[in-house]
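[1] Return a 3D structure for these sequence lines:
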Amino acid sequence: MTTSTLTRIAPTLVDLEFSVSEADLSAAEERAFRSLVKDVRLPGFRKGKVPRKIFEQTYGSDVVTSRAFDDVVPEVYAKAVREHDLEPVKAPELQVIEESEGRPRRVKATIEVRPTIALGAYKGIGVTRPPVTVTDADVTLSLEALARERATLVPLERAARLGDVATLDYEGTIDGELFEGGSGTGEIAELQEGRFIPGFAAGIVGMQPGETKSIEGHFPDEYPAASLAGKAARFTVSLKELKEVELPPLDDAFASAVSGNQTIAELREDLRKRLEAVAAGRARRAVGNAVMTQLLAAHDFPLPASMVERELDHLMEDAAAASGEQGEPPERDAFRAEAESRVKAGLLIQEIAKAEQINATPADVAAELEALSRRYGQPAARIRTALGNNVFSLMDGIVRNKTLDFLIDNAEVVNEETRGSAS
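    Here you go, the predicted model:
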């Protein structure tokens, strides 16, 4: 039986000391020697047949002991962790604290562990659900978006207007100097103010194809590229070509062409149902966020530093990817509060899942693999093989989603549009 002692040195940090028995160490040393000697050749001996005494005289006994240590300690450590019901969140720092004739006999593992969480109430949390409404205007916008996918571009010889599609050559300067990303040749863009810095699209309005003009634009103060934020720029713009977006008529023929519906009325109803499903999903997510906000405020417990740092790494990677060439992402500490909130939420959900015995069943995993199969157009078996050990992350995600569903289904929800009536 493992002989180990536990000392808590911080809320999420412990020292675990455990002994390595003579029997375990000797067995590990023999396994280590058998592995090391396989490829060894020494005069007078066949390959792999060198006696251990000769091997150790030649290469040193510490080679065998070191390999044995790497073999036996993880196993003894795992037994000690189970003995004290610990939940490590990262690999331990190991230190030999007692030796006998150069052989490790007692080891100390400094381990970062999950905090102890005293769960408060998590059922019956009162939240308000935003309204799930889809207007005729929403349906029309969705219909027009479908129409734009089948739109044609018609060449124009008139002056440019907002909404036209223009082919442009342009060169921008700030204080008379060219700046990175400020020039383009043969660029095709729809003239909408939201697509450009303020002043650029409006300056093109009224230009005729073939005309060149100087236009002033202004980079917003919050522009991602810090070197450009808040600055005025001057662009020399040549309008090479102008086209107008021509939408197909929204009639029964259009409905049949873009969907399985036979009439435009049927297509509108189909779009309404889809938009309502999206709105319902959005409202459910809002309820989940509101529940988690209250749970986070009601629970206070220490967070393992390594988990926060890992989450910070993820947030920084996302920020760097989002910023691209637009400038440097914010400083690391700017994301710390969000990282801590995410780690805290994850630990809370895991604790609630444990309390409610919420697990990822084989059927859950199969359904998730099937969903991934449809998404990526690959057989589910191939997806499972590609995931490898990452299937455990998949299972964690399933448990997280099931637990959040559990919290939502057990919340006291009031509809925003009909205050006072529970759902």
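[2] just checking, Ala286 is part of a helix?
    Yes: when classified by DSSP: H, G, I helix; E, B strand; the rest coil, Ala286 is found to be part of a helix.
[3] Spatially nearest residue to Ile9, not counting backbone neighbours?
    Among residues not flanking Ile9 along the chain, Asp15 sits closest, at 5.8 Å (Cβ to Cβ, 6 or more residues apart in numbering). C-betas here are computed from N, CA, C, even on glycine.
[4] Using PDB, write down the CA coordinates of the one helix or strand the one you found maps to.
    Assigning secondary structure by DSSP states H and E places Asp15 in strand 13-19. Extracted in PDB, the C-alpha atoms of strand 13-19 (Å, rounded to 0.1, in the frame of the first residue of the first chain):
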ATOM      1  CA  LEU A  13      -1.400  23.900  -3.900                       C
ATOM      2  CA  VAL A  14      -0.300  20.800  -2.000                       C
ATOM      3  CA  ASP A  15       2.800  18.900  -1.200                       C
ATOM      4  CA  LEU A  16       2.400  15.100  -1.500                       C
ATOM      5  CA  GLU A  17       5.200  13.000  -0.100                       C
ATOM      6  CA  PHE A  18       5.300   9.300  -0.900                       C
ATOM      7  CA  SER A  19       7.800   6.400  -0.600                       C
END
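[5] residues touching the residue nearest to Ile9, list them.
    When contacts are counted by Cβ atoms under 8 Å, 6 or more residues apart in numbering, Asp15 touches 6-7, 9, 108-111.
[6] what inclination does the helix or strand harbouring Glu29 have with respect to strand 13-19?
    Element membership for Glu29 (DSSP H and E) is helix 22-37. Angle, helix 22-37 to strand 13-19, by axes from the mean of the first three to the mean of the last three Cα atoms, to 10 degrees: 90 degrees.
[7] And helix 22-37, what's buried?
    24-25, 28-29, 32-33, 36-37 (16 or more other Cβ atoms under 10 Å).
[8] other SSEs contacting the following helix or strand past it?
    Scanning forward in sequence from helix 22-37 by DSSP H and E, the next helix or strand is helix 52-59. For helix 52-59, the packing partners by 3 or more Cβ pairs under 8 Å, 6 or more residues apart in numbering; DSSP states H and E come out as helix 22-37, helix 61-83.
[9] mind putting these in a markdown table, mean pLDDT included?
    As requested, these are exported to a markdown table (pLDDT from 0 to 100):
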| stretch | mean pLDDT |
| --- | --- |
| helix 22-37 | 91 |
| helix 61-83 | 91 |
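[10] how about the strands in the stretch 151-300 of the chain?
    Per DSSP state E, counting those that start in this stretch, the stretch 151-300 of the chain carries strands over the ranges 152-155, 165-174, 177-190, 212-218, 232-246.
[11] which one of those strands lies closest to Gln350?
    Of all the strands of the stretch 151-300 of the chain, strand 177-190 sits nearest to Gln350, with 44.3 Å by Cβ to Cβ.
[12] Direction-wise, compare the closest one with strand 232-246 and give the angle.
    Going by the same axes, to 10 degrees, strand 177-190 makes 10 degrees with strand 232-246.
[13] average pLDDT for strand 177-190?
    Taken as a whole, strand 177-190 has a mean pLDDT of 92.
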